[in-house]
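J.: predicted model follows, preceded by the sequence.
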Amino acid sequence: MKRFPWILTVLTVLALILLIGLGVWQVERLKWKEGLIAAADAAAAKPPAPLDQVLGEGDLEFRKALIVCPGLASAPFIELQSIHDGEAGVRLISACKPAGADFSLLIDRGFVGDGVTARPRVVETTLPLVLVGELRTFDKPGAMSPAPRDGRFYARDTAAMARALNVTGPVRPEAVFAVTAVNPEFPALRPSAPPAAFSNNHLGYAMTWFGLAIALVGFYVALLRRRAKKDAPQAASHRVRGDRKE
């Protein structure tokens, strides 16, 4: 009988450990993502609170705040290329220094479709405006992101946008999406926050890795059985030859 396939067995065990480890890792990722989604849903369900209270809560993602922004309705803005409900257009971004604060926020005032050429008027004023804004965080744009051209941005770059708006002093890193109208006289500007972009495919990934592990075990067992069947006639032949010699 041929020797036991130790090399094949060791390789199979190593591959099995790797596949099971990847499956367990995806299960852990699934639990983490479910916790993240639950936290986001809980934050979004909370009623709006004053900005200073919200900033003191710690976790700001999807939290809604009441913000007093002097002059926001007629403030200068830059345009951010965007898509809203399948429609191409821009989002208007303005700087806001909340009443009583020593920092500025970048307020996403809403979306304007490409078919609209008009824009809200820009007039210097300190007329206060109270809005409800949803706080969100975004990764910094990568090196491959297109550079802004002619006042239009193609990536949400907080620092570059603040410079373009001539903001002085500290700027909070969070994006604030107006969810109440900043310019009710200009209905083409639609306040909105983008939907949560949570992909939760970890259960499917885990099942794939565990399935591959089961398939590997099945393949290994089938290979051993096939090897045993091939060795059986040879072993029987050796026994018959031995009996004849005796």
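T.: Arrived safely. Keep in mind it's a predicted model, so treat the numbers as computed, not measured. Numbers count the residues shown, from 1 in each chain.
J.: alpha carbons only for contacts and neighbour counts from here, please
T.: Fine.
J.: just checking, Leu66 is part of a helix?
T.: No: Leu66 is assigned strand when assessed by DSSP: H, G, I helix; E, B strand; the rest coil, not a helix.
J.: could we number from 128 for the rest of this?
T.: Sure, I'll start numbering at 128, so the last one becomes Leu193.
J.: now do the helices in the chain.
T.: Here the chain has its helices, by DSSP state H, at 133-172, 178-182, 285-291, 329-372.
J.: pick the most deeply packed of the ones you listed.
T.: Across the helices of the chain, the average number of neighbours (mean count of other CA atoms under 10 Å) peaks for helix 285-291, which reaches a mean of 17.
J.: other SSEs contacting that helix?
T.: Judged by 3 or more CA pairs under 8 Å, 6 or more residues apart in numbering; DSSP states H and E, the packing partners of helix 285-291 are strand 298-305.
J.: given the strand it packs on, what are its sheet partners and their directions?
T.: When pairs are called by DSSP bridges, strand 298-305 turns out to pair with strand 231-240 (parallel), strand 257-263 (antiparallel).
J.: of these, which shows the lowest average pLDDT?
T.: In terms of average pLDDT, strand 257-263 trails the rest of these, at a mean of 92.
J.: which of the residues in that one are buried?
T.: Leu258, Val259, Gly260, Glu261, Leu262, Arg263 (16 or more other CA atoms under 10 Å).
J.: okay but Asn310 is in contact with Gly198, surely?
T.: No: at 11.3 Å, Asn310 and Gly198 do not qualify as touching, with contact defined as CA atoms under 8 Å.
J.: closest to Pro175 out of the buried residues of strand 257-263?
T.: The closest of the buried residues of strand 257-263 to Pro175 turns out to be Val259 (CA to CA; 7.0 Å).
J.: residues in contact with the residue lying closest to the closest one once chain neighbours are set aside?
T.: Distances taken as CA to CA, 6 or more residues apart in numbering place Leu193 nearest to Val259, at 4.8 Å, with adjacent residues excluded. For Leu193, the contacting residues are Pro175, Ala176, Pro177, Leu178, Val257, Leu258, Val259, Gly260, by CA atoms under 8 Å, 6 or more residues apart in numbering.
J.: for Leu193, list each beta-bridge partner.
T.: Leu193 has the following beta-bridge partners by DSSP bridges: Pro177, Val259.
J.: pLDDT weak spots in the protein?
T.: By pLDDT under 70, the weakly predicted segments of the chain are 128-129, 322-326, 358-373.
J.: repeat the analysis, applying 80 as the threshold.
T.: 128-132, 159-160, 162-172, 185-186, 266, 269-271, 277-278, 321-327, 354-373 (pLDDT under 80).
J.: how far is stretch 142-156 from where the chain is centred?
T.: Distance of stretch 142-156 from the chain centroid (CA atoms, centre = their mean, to the nearest Å) equals 22 Å.
J.: contact partners of that stretch?
T.: Taking CA under 8 Å, 6+ apart as the rule, stretch 142-156 contacts His329, Leu330, Tyr332, Ala333, Met334, Thr335, Trp336, Phe337, Leu339, Ala340, Leu343, Val344.
J.: try it again with 7 Å
T.: Stretch 142-156 has contacts (CA atoms under 7 Å, 6 or more residues apart in numbering) with His329, Leu330, Tyr332, Ala333, Met334, Trp336, Phe337, Ala340.
J.: again with stretch 313-321
T.: Stretch 313-321 is contacted by residues Arg236, Gly237, Phe238, Val239, Pro247, Glu261, Phe304, Ala305, Val306, Thr307, Ala308 when judged by CA under 7 Å, 6+ apart.
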